[in-house]
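1. This is the structure alone, sequence omitted:
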């Protein structure tokens, strides 16, 4: 079973100019999001994490799948697209992965009506297909944890990895990207819980 869901949209071409009939199918993909467990009554770390919207280049703020044919050249697929922009998917994946640890009081998006203790900022460098020297799925992010109380960055981390692709189809690339993102999020969540374990936050009332 694939670790991602594929949405197939077949668009009928309208009778523009001379009229050409049916257009090529548009394929949409999403990443698999972990299901968070039931939140314990007293989590290990009594903090609320606010996850900021992921920053990135223009390529990853759009919905087209990106590929790299050389170290200095990037391209996009026309008919192979994400169901939503990668920056939004990565934010969702990060929130879900942190919630899945069941270690924090709350993990949510930054919003005007939400108060938190820390803001987690993320920059997406790559989420694309690499064609040379061999086909791989490349995922790269940089993160930093901002302490709202001290107004300072107290932790930073990064993840960059090329996941081998088992086949030559775009489906195979997306499956590898899904695994790469999953591994990256697990690593980030583990490193962040290690930070709080070594820098335990004070509980309410202390």
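-> That came through fine. Here the structure is a predicted model, which is why all the values come from computation and not from measurement. Numbering: from 1, shown residues only.
2. Now do the residue nearest the centre of the chain against residue 58, distance only.
-> What sits nearest the mean C-alpha location of the chain, by CA atoms, centre = their mean, is residue 90, with 1.8 Å. Note on residue 90: its distance to residue 58, by CB to CB, to the nearest Å, is 15 Å. From N, CA and C alone the C-beta is placed, and that goes for glycine too.
3. what ranges do the helices span in this protein?
-> 86-100, 170-198 (DSSP state H).
4. now, of those, which is deepest in the fold?
-> Highest mean neighbour count among those (mean count of other CB atoms under 10 Å): helix 86-100, with a mean of 21.
5. which other residues reach that helix?
-> Residues from elsewhere that reach helix 86-100 (CB atoms under 8 Å, 6 or more residues apart in numbering): 30-31, 33-37, 39, 49, 51-56, 60-61, 82, 104, 107-109, 120, 122, 124, 127, 141, 181, 185-186, 188-189, 192.
6. where does this structure dip in pLDDT?
-> 1-22, 36-41, 112, 203-206 (pLDDT under 70).
7. residue ranges for the strands of it, please.
-> Along the chain, counting by DSSP state E, strands occupy 6-9, 26-29, 45-51, 55-56, 64-70, 73-82, 104-109, 118-130, 136-147, 152-164.
8. do you know how far the residue nearest to residue 69 when sequence neighbours are not counted is from residue 68?
-> With CB to CB, 6 or more residues apart in numbering as the criterion, residue 69 has its nearest non-adjacent residue at 5.2 Å, and that residue is residue 131. Applying CB to CB, the value for residue 131 to residue 68 is 7 Å.
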